[in-house]
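# Give me a model of this one.
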Amino acid sequence: MSAISRRVLAIVLGIGAALHAAPGAASWLWTQSDWTGGAYESAAGVNPDIQAGELVLVNDPDRLVLAFDASDWNGVWAMEAFQGRLYLGVCDFPNHDYYADIMIYDYGADSAYVDIPVAEEGINVLKVREGIFFSPGTDALGDVFIGNIYYNQGDGWTIKSTVPIAAHVFDIERWQGKLWVTTGCHNPPDYPGILYSSGDMGETWSEEIVIHPHPPGIYFRRLYGLGVWNGSLFVNSDFEPPEGKVVYELTGAEIIAHTIPAPGDDCFCAFVEWNGKLACLTRTIVDFYDGRTWIDRVLPTGVRSSNYSCRAMEVYAGRLYIGGYEGLVSSSNPEAGTWSFSVMQPAAGREIEDLAVLHGRLYAGTLLDAEVYVTPAVACGTLVSEPYAFPAPICAGTLQFTALEPPGTKVRFQLRSAASEAELAAAAFLGPDGTAASWYEESQTPISPSHCGQHWFQYQAQLETADERLAPVLEEFALEAENTGTAAPGAGSGSCLSAWPNPFETELRIALAGPAAAGSRVRIYDLRGRCIRDLGSAKEGGLRWDGRDAQGRRLSAGIYLLRAETASGPALVERVVRLR
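Numbering: from 1, shown residues only. Model (predicted):
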């Protein structure tokens, strides 16, 4: 079957359906890429409930180890997962240094590289919204009165230098079909903080909220963090007079000013949804808003932000995680003020500036040496699939899978099969050589001939790592099975002759199963009925034909007959096609 045919078949079949390709021949495709919700028989050491399309090893949410050193810049100030990769915003300090990099950590290769350098005095925010990756220009190196936004829709970066009166574009959001940004300038007199909206992806902007210095002419103002919750857009101010410690809520019909507990100086708030509430993080306090009231909780001693850019908050594994100076805490009940510290190795002098989740694991970006930490994985885990029945006994098949396998990691499989579901549980899991000692470790591997004639199947997936900071990710399993054999009358139920790949170019694999296999002799005939090659008696592991005749001459392309002749009954015959 060609690659194109295989793709078409996958689309038509879905999971577990059958397509009859021709009279006397059939192909079926069994695929699985969603193990969530108990879609498996047993699992140990793996987490099947991360998300559809990912089976990963269990990792320890109470401990973080050094994953990699991102760059020569001082710190990782922002992180976000996008299209299966971890993006990093690295610089020495936003608003105080020249240039910054948006980097990519390629998980499969365990390597980090620069995706795009940005002409900003640092970088502070990375966000994915509605499938688009955004970064606001923290401090443009060009015109100090025009701010930048950067976005990537999956095909490269677009830069819009269009935000007016904006030396700083602090944050960005998508809400009600528009882009929203918060801004600020710093050259008095009377430079306001402004919330802008754009309905044309940053070509033009409209003012929505403006806050002015007080008294006028002696200071500057800023609007900082943005977040969307419960249908509203939330905007945090710089906590300066005359408004004070205010978070604005835009409902679409009105603007509400919420006064919240906060530190005494300005702060870049982080917003996430937690347990049906809005969580708002400042330097030392996290506030919870349920739509009616705000509850403030002071963070444990030592967990604080040393700068205005306080964004290290993430929901992970049923807990709220918050990072700060030399500390990472988490809680399943943060509203009660109960927190537990995670262990970081090493931890001295590292301030956690942002958190992100990739492939089921929590990553922490830190200041001082731009190090990234990760929750460590266990060494090994297994999953046994649910039993699966093909529409009829199969004669051949190919095991395929898609996985990320960073250095030192491995995904491998074994199969077991039986004539009935009741017999399946007692069958042994086998590898490609038909023994329990071997494993399928490469995709597109033909399955053992020992499965020929069987109807019910199960796979066992094993994930392994030799390095706790890395782990394999299984994305999809597939078994393409073929029933191309012709059963001989009276040969017994389940007897079949199979040959694959068919058509073939250089080598044909042949297998016999069932009662007819005993004592069978396999020969190759042309369409005139002449025997051109005697392959000998059937044996365990099957036979192979290299497309040559008895004299070793390479035969021309065409149709040949594969015939398994038995002493006790009619022969099994199969057509095979040799390609040029």
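
# For the stretch 51-200 of the chain, give me the ranges with low pLDDT.
95-97, 187-189 (pLDDT under 70).

# The closest residue to I447 other than its chain neighbours: how many residues sit nearby?
Using CB to CB, 6 or more residues apart in numbering and skipping the chain neighbours, the partner closest in space to I447 is G397 (4.4 Å). In this view, the C-beta of every residue, glycine as well, is placed from N, C-alpha and C. Applying other CB atoms under 10 Å, we find 28 residues neighbouring G397.

# now swap in the one 5 residues further on and tell me
The number of residues packed around T402, counting by other CB under 10 Å, is 14.

# With P376 instead?
Neighbours of P376 under the rule other CB under 10 Å: 22.

# pretty sure it is touching R469, no?
Yes - counting by CB atoms under 8 Å, P376 touches R469, with 6.3 Å between them.

# Identify the contacts common to those two.
Common neighbours of P376 and R469, using CB atoms under 8 Å, 6 or more residues apart in numbering, are V65.

# The residue nearest to I447 contacts Q444, correct?
No - look at G397 against Q444 with CB under 8 Å: they stay out of range, at 11.3 Å.

# where are the low-confidence patches of this protein?
For the chain, the stretches with pLDDT under 70 are 1-26, 95-97, 187-189, 217, 310, 347-348, 484-495, 514-518, 539-541, 567-570.

# which stretches of it form helices?
Using DSSP state H, the helices found in the chain span residues 3-13, 421-424.

# List the residues that contact the residue nearest to I447.
Residues in contact with G397 (CB under 8 Å, 6+ apart) are P446, I447, H451, L479, E480, A481, E482.

# let's go with 6 Å and repeat that
G397 makes contact with I447, L479, A481, according to CB atoms under 6 Å, 6 or more residues apart in numbering.

# same question, V272
Here V272 is in contact with A279, M313, V315 (criterion: CB under 6 Å, 6+ apart).

# D526 now?
Contacts of D526 (CB under 6 Å, 6+ apart): I532.

# on that earlier part again, now which of the contacts of G397 would you call buried?
Buried members of the contacts of G397, counted by 16 or more other CB atoms under 10 Å: I447, L479, A481.

# what's the last one in contact with, if anything?
This points to A481. Counting by CB under 6 Å, 6+ apart, A481 touches W28, F390, I394, G397.

# Might one say that the second one is in contact with W28?
Yes - judged on CB atoms under 6 Å, F390 makes contact with W28 at a distance of 5.3 Å.

# quick one: V577 and L29, what's the gap?
In this view, V577 and L29 are 21 Å apart by CB to CB, to the nearest Å.

# Looking at these two now, which is surrounded by more residues?
Between V577 and L29, counting by other CB under 10 Å, L29 is the more crowded of the two (25 against 14).

# was I right about the more buried one contacting L479?
No - counting by CB under 6 Å, L29 does not reach L479; the two are 7.5 Å apart.

# Please list all residues in contact with L367.
Contact analysis of L367 by CB under 6 Å, 6+ apart lists G75, E351, E353.

# State the number of residues packed around the nearest residue to it once chain neighbours are set aside.
In space, and not counting its chain neighbours, L367 is closest to G75: 3.7 Å by CB to CB, 6+ apart. Using other CB under 10 Å, G75 has 28 other residues around it.

# On the strand side of things, show who G75 bridges to.
Beta-bridge pairing of G75 under DSSP bridges involves C91, L367.

# Please determine how far it is located from G122.
Taking CB to CB as the measure, G75 falls 9 Å from G122.

# can you check N307 too?
11 Å.

# And for P192?
Distance from P192 to G122, counting by CB to CB: 22 Å.

# So which of the buried ones among the contacts of G397 are in strands?
L479, A481 (DSSP state E).

# which one of the buried ones among the contacts of G397 sits closest to S385?
L479 (9.9 Å; CB to CB).

# residues contacting the closest one?
L479 makes contact with W30, G397, L399, according to CB under 6 Å, 6+ apart.

# next one: A564
By CB under 6 Å, 6+ apart, the neighbours of A564 are L497, L512, S520, V522, L572.

# Can you lay out those as TSV showing distance to I50 and neighbour count?
Listed next are the contacts of A564 as TSV, based on distance: CB to CB, whole Å; neighbours: other CB atoms under 10 Å:
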residue	distance to I50	neighbour count
L497	43	29
L512	43	26
S520	48	22
V522	47	24
L572	46	25
